[in-house]
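[1] Here's my sequence, what's the structure:
(2 chains)
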Amino acid sequence: MAIIVKLDLVMAKRKMSLTELAMRVDITLANLSILKTGKARAVRFSTLEALCRELDCQPGDILEYVHEE
Amino acid sequence: MQQPTPSKLAAALRVWIDVGLVAVTLLVVALAVWLVVTSFRLGRPGTIGDGAVWVGIGTGQFIPVQRLELRQGAGQPPLGDPALVKARGELRFHTRRVDLMLLGFLPMFVVAGAVLAGGWQLRQVLVTVARGEAFAAANPPRIAAIGWIIVALTAIEPLLAYLPAAVVLRSVDVEGIDLSPTLMFDTGTLLTGLLIIVLAAVFREGVRLHEEQSLTV
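    Below you'll find the predicted structure:
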């Protein structure tokens, strides 16, 4: 997929575990795991907003576009 | 990801379908065994077998049971004691010919096969619905298969009823009653089959949307 999720990098910088983030953002651990492993098809603005708020970052820190041939 | 919602109704219906499938299978096996045994016995002297075909009866006549007179001639199938049962157009007869006896049962076996095949597909769909996984990826092909089975049966079954009747009626000649092999297609059932195929396509789209929704975070 052309969109790469860098959630694990941001989480590592903030020293935050997946369980803690899931609790703070109020989404299930399973859903957060889907996002982290790059299996998600879509991300809601509300989820992105909550992630940016809790991780104190910008959407571009979590998502990156890579051009694919 | 949403939690699946199990359906008790689907679970109960699945049990009912299971009972029906077992009953039909047992009936088909019993009938097949009986036909095989009868076929072997027909070779012995003094043994006769039963046969039945579906025929069209002249318009506006109601005949509860009508014994028929035979037209005998060279090359005619050897039939005996033909009788029309009620107004259903069921022509019963005795015969020593195995092929004539089996011909009458052919539509029954085809219908039973279709019921078993379609019933099995429906059962598999109900299993997933009972688990709360109605939008499983395997369900649209199953639903489409049920539709195609119904369409195929609607197309084939009248021919399978027509051909045996055409053969048998060559030797049945009755005054005042016009018997003919019938070739009637059930358009209602055909439309039902086509509708199920269309619904399978709609369901396929539902599966795609459900998959997308379940992977939306």
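
[2] Show the average pLDDT along the longest strand along chain B.
    Selection of the longest strand in chain B by residue count, based on DSSP state E, yields strand B:49-57. Averaged across strand B:49-57, the pLDDT comes to 72.

[3] Where do the strands of the chain begin and end?
    Since no chain was named, I'll use chain A. So, for chain A - with DSSP E - the strands run A:3-5, A:63-65.

[4] hmm, I had chain B in mind actually
    With DSSP E as the criterion, chain B has strands at B:49-57, B:65-67, B:79-85, B:90-95, B:179-181.

[5] now for stretch B:79-90, what's the gap between its first and last residues?
    Start-to-end span of stretch B:79-90 (Cα to Cα, to the nearest Å) is 15 Å.

[6] Give me the mean pLDDT for it.
    So the average pLDDT for stretch B:79-90 ends up being 68.

[7] same check, this time on stretch B:187-204
    Mean pLDDT, computed over stretch B:187-204, is 95.

[8] Stretch A:18-37 too?
    Stretch A:18-37 shows a mean pLDDT of 92.

[9] Return the set of buried residues in it.
    A:L21, A:A22, A:V25, A:I27, A:N31, A:L32, A:I34, A:L35, A:K36 (16 or more other Cβ atoms under 10 Å in any protein chain shown). Heads up, the C-betas are built off the backbone N, CA and C, glycines and all.

[10] check the residues you listed against chain B, which are close?
    When contact is defined as Cβ under 8 Å from any Cβ of the partner chain, the buried residues of stretch A:18-37 meet chain B at A:I27, A:N31, A:L32, A:I34, A:L35.

[11] contact partners of stretch A:8-22?
    A:28-29, A:31-33, A:36, A:51, A:54-57, A:61-62 (Cβ atoms under 8 Å, 6 or more residues apart in numbering or on different chains).

[12] Recalculate using a threshold of 10 Å.
    The set of residues external to stretch A:8-22 that reach it, using Cβ atoms under 10 Å, 6 or more residues apart in numbering or on different chains, is A:6-7, A:23-24, A:27-33, A:35-38, A:50-52, A:54-58, A:61-62, A:64.

[13] next one: stretch B:130-141
    Under Cβ under 10 Å, 6+ apart, the answer for stretch B:130-141 is B:2-15, B:121, B:124-129, B:142, B:199-211, B:213-214.

[14] Distance from the chain centre to that stretch, please.
    Centre-to-centre, stretch B:130-141 and its host chain are 27 Å apart (Cα atoms, centre = their mean, to the nearest Å).

[15] again with stretch B:89-100
    Counting by Cα atoms, centre = their mean, stretch B:89-100 comes out at 19 Å from the chain centroid.

[16] With stretch B:14-22 instead?
    Stretch B:14-22 has its average C-alpha position 17 Å from the chain's average C-alpha position, going by Cα atoms, centre = their mean.

[17] In it, which residues are buried?
    B:R14, B:I17, B:L21.

[18] Tell me how many other residues surround the closest residue to B:F203 other than its chain neighbours.
    The shortest distance from B:F203 to any non-neighbouring residue, by Cβ to Cβ, 6 or more residues apart in numbering or on different chains, is to B:P140 (4.7 Å). Using other Cβ atoms under 10 Å in any protein chain shown, B:P140 is surrounded by 21 other residues.
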